[in-house]
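Visitor: Curious how this folds, go ahead:
(one chain, ligands or ions: 1)
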Amino acid sequence: MDVEGDWESYLTARARAGLLRVRRRVEARAGMEYRIEGRTYVNFGSNDYLGFADDPITREGAAEALREWGTGAGAARLISGDYALVRELEEMLAAWKGTEAALVFPAGYMANVGVLSAVAGPGDTIVVDRLAHASLVDGARLSRATLRVFPHNDVERLEAILARLRGRVFVVTESVFSMDGDCAPLREIVACCQRYGAKLLVDEAHALGVYGGGRGCVVGAGLERVVDMVIGTLSKALGSQGGFVAGTRGLIEMLVNHARAFVYTTGIAPAAAGAARAALRELMRTTERIERLWQNVQLWRQQMRNIAVRGAGPICPVITGSAAAAVALAESLARDGYYAPAIRPPTVPRNEARVRVTVSAVHTPEQIAGCATSLSRAYAAVMNDEVHGEIHECA
Ligand SMILES: Cc1ncc(COP(=O)(O)O)c(C=O)c1O
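Guide: Here you go, the predicted model:
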C-alpha cells in the first residue's frame, strides 16, 4: 500500500477510519497472564497454542543453546558456517514432517517470501487462496509470476482456473487459516493439482503442534510425499522464533542456492533454534499437551453456543462486521481482564472485522469460562448497538 502525502496525514486518516495499529507495551508475563500498560490480562490473543513460549522446557533448551553457541550466528549461514544445532533442528523437522529435508529461515514470513520468490518467476502463475497470509502474497509478488486468486477453499473454482492455465503453475494455500481457523480441503486440492500438473505449497503455520498429532494436516492426511513444499513456523506452537520449509532434498538444495531470504540474511539465533528443538523433542516424546489443548478447545466451544464462530480448532474468530464493533468488543473484553485483538481490514476483508480468540493448552478451565462469559455478554451488547446504529465507523 502506498502511503500518500506525509506520514502524519496517513496516521490521522488511519485513526479516523478506526484502523490505526498501535503496539501495546507488555511489562511482564507469566504463562498466559500478561501485564499490559499497568493492568493484568489473561491473554487469548497469542498463537502460543501449547504454552511453549514460556515454559521451563523451552527456556532450558534456549539456555543450553546459548551456553554452547553464544547469542548470534555471526553472519549468513553460507558465509560463516552452519551451526550443527540448526542442522540437527532441520533433520528433526524433516523427520517430523515426513520429508527428505528441511531448511530453517529466521522467520516464517521469510520462509514464505524466500521459497515462493525462488521457485517461481516471470512466465509462471501462482494461484493463491483468497485468505492466504500476507507473506504468501508478498512472496508470490516478489517472484514476478502472474498472481491469480481463487475463492477461499473453493476447489471447483480452483480447478476452473487451472484448466485454463498454460506453463508452470503453483497453487498456494494454508492448511489452517490464520484468521478464520478453518482447514483447507487438502486431499481435494492435491488431487486437483495432480490433474493439472501444478505444484503445491501448503503453509502449516497454524497446524503444527495442533493437528495430525502435532505434525500438521499434511501428515495427518498422509500427503507428506505428494505436497511439494510444506511451510512451517517455529514461532507459534513451538514457542520460539523462525520458520522452515520441508520437501525433497533437491528443493532444499535449490533454495540454499537461490532463495534470497536464506542467502542474504544472518542465520537464526542459537537460542531460538535451541528452544524450538526442545519443544520438538517434547512433542516427539508425548502428545499430552496437544490433548490438553483439544480439551480446552472443546471447553471453549461448548461455551460459545450463542455466538456463531467459524472453524473447529483453537482459532476462534468472532465476526462483528465493522471495525468499530470489533474494537468495542475487544475493549469490553479488556475491561473484564481478557486480552484478544480486534482484527481489522486489510488483515481481513472489508466488513469482516473480528475479534480473534485463540485457546491454548495452558489456559485454565476458569480462565476459559471467564472469557467465554465476558465475550457472550459483550457480543450481545455490541451487536445490538451495531444493529441500532450506535456503533459508527469513523468517516
Ligand atoms: C499462515 C502464516 N504463515 C506465516 C506466518 C509468518 O510466520 P512468522 O510469524 O514465524 O514470521 C504467519 C504468522 O503470522 C502465518 O499466520
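Visitor: Tell me the residues of the stretch 201-350 of the chain that contact the ligand?
Guide: Selection of the stretch 201-350 of the chain residues close to the ligand by CB under 6 Å from any ligand atom yields 203, 205, 206, 233, 235, 243. Every C-beta, even on glycine, is put in place using the N, C-alpha and C of the backbone.
Visitor: at 8 Å what do you get?
Guide: Those residues of the stretch 201-350 of the chain that sit near the ligand, judged by CB under 8 Å from any ligand atom, are 203, 205, 206, 231, 233, 234, 235, 236, 241, 242, 243.
Visitor: Just the ones of those in helices?
Guide: Among these, no member falls in helices (DSSP state H).
Visitor: Just send those back as JSON lines, with pLDDT and neighbour count too.
Guide: Below are these laid out as JSON lines (pLDDT from 0 to 100; neighbours: other CB atoms under 10 Å):
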{"residue": "203", "pLDDT": "98", "neighbour count": "30"}
{"residue": "205", "pLDDT": "98", "neighbour count": "27"}
{"residue": "206", "pLDDT": "98", "neighbour count": "30"}
{"residue": "231", "pLDDT": "98", "neighbour count": "29"}
{"residue": "233", "pLDDT": "98", "neighbour count": "27"}
{"residue": "234", "pLDDT": "98", "neighbour count": "31"}
{"residue": "235", "pLDDT": "98", "neighbour count": "20"}
{"residue": "236", "pLDDT": "98", "neighbour count": "26"}
{"residue": "241", "pLDDT": "98", "neighbour count": "19"}
{"residue": "242", "pLDDT": "98", "neighbour count": "25"}
{"residue": "243", "pLDDT": "98", "neighbour count": "28"}
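Visitor: And the one helix or strand residue 87 maps to, what does it pack against?
Guide: If you go by DSSP states H and E, residue 87 is part of helix 84-97. Contacting helix 84-97 under the criterion 3 or more CB pairs under 8 Å, 6 or more residues apart in numbering; DSSP states H and E are the following elements: helix 56-69, strand 101-105, helix 217-220, strand 229-233, strand 243-247, helix 270-285.
Visitor: Nearest to the ligand: which residue in the stretch 51-200 of the chain?
Guide: Nearest to the ligand, among the residues of the stretch 51-200 of the chain, is residue 108, at 2.4 Å (CB to the nearest ligand atom).
Visitor: That residue: what's it in contact with?
Guide: Contact analysis of residue 108 by CB atoms under 8 Å, 6 or more residues apart in numbering lists 135, 205, 231, 232, 233, 234, 235, 236, 242, 243.
Visitor: ok, now how distant is the fifth one from residue 240?
Guide: According to CB to CB, to the nearest Å, residue 233 and residue 240 sit 9 Å apart.
Visitor: Could you pull out the strands in the stretch 251-395 of the chain for me?
Guide: 315-321, 338-339, 342-343, 353-358 (DSSP state E, counting those that start in this stretch).
Visitor: Quick check: buried residues in the lengthiest helix in the chain?
Guide: For the chain, the helix with the greatest residue count under DSSP H is helix 365-387. For helix 365-387, a neighbour-count test (16 or more other CB atoms under 10 Å) marks 367-368, 370-372, 374-376, 378-379, 382-383, 386 as buried.
Visitor: can you check stretch 282-290 too?
Guide: Applying 16+ other CB under 10 Å to stretch 282-290 flags 282, 283, 287, 289, 290 as buried.
Visitor: Likewise for stretch 45-58?
Guide: 45-55, 57-58.
Visitor: Pull out the C-alpha coordinates of that stretch and format them as PDB.
Guide: Provided in PDB are the C-alpha atoms of stretch 45-58 (Å, rounded to 0.1, in the frame of the first residue of the first chain):
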ATOM      1  CA  GLY A  45      -4.600 -13.400  21.600                       C
ATOM      2  CA  SER A  46      -1.400 -15.400  21.100                       C
ATOM      3  CA  ASN A  47      -0.500 -18.300  18.800                       C
ATOM      4  CA  ASP A  48       1.300 -20.000  21.700                       C
ATOM      5  CA  TYR A  49      -1.100 -23.000  21.400                       C
ATOM      6  CA  LEU A  50       0.900 -25.300  23.600                       C
ATOM      7  CA  GLY A  51       2.300 -22.800  26.100                       C
ATOM      8  CA  PHE A  52       5.900 -23.400  25.000                       C
ATOM      9  CA  ALA A  53       6.700 -19.700  24.700                       C
ATOM     10  CA  ASP A  54       7.000 -19.500  28.500                       C
ATOM     11  CA  ASP A  55       7.900 -23.000  29.700                       C
ATOM     12  CA  PRO A  56      10.900 -24.500  31.600                       C
ATOM     13  CA  ILE A  57      11.500 -27.000  28.800                       C
ATOM     14  CA  THR A  58      12.000 -24.300  26.100                       C
END
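Visitor: if we can go back for a sec, next one: the longest helix of the chain to chain centre, how far?
Guide: How far helix 365-387 lies from its chain's middle: 25 Å, per CA atoms, centre = their mean, to the nearest Å.
Visitor: angle of it against strand 315-321?
Guide: Put simply, helix 365-387 runs at 20 degrees to strand 315-321, going by axes from the mean of the first three to the mean of the last three CA atoms, to 10 degrees.
Visitor: tell me what helix 365-387 is packed against?
Guide: Counting contacts by 3+ CB pairs under 8 Å, 6+ apart, helix 365-387 is packed against strand 39-43, helix 288-302, strand 315-321, helix 323-335, strand 338-339, strand 353-358.
Visitor: Next, work out how far apart the closest residue to residue 98 other than its chain neighbours and the ligand are.
Guide: Using CB to CB, 6 or more residues apart in numbering and skipping residues adjacent in sequence, the residue nearest residue 98 is residue 224, 3.4 Å away. Distance of residue 224 to the ligand, given as CB to the nearest ligand atom, to the nearest Å: 19 Å.
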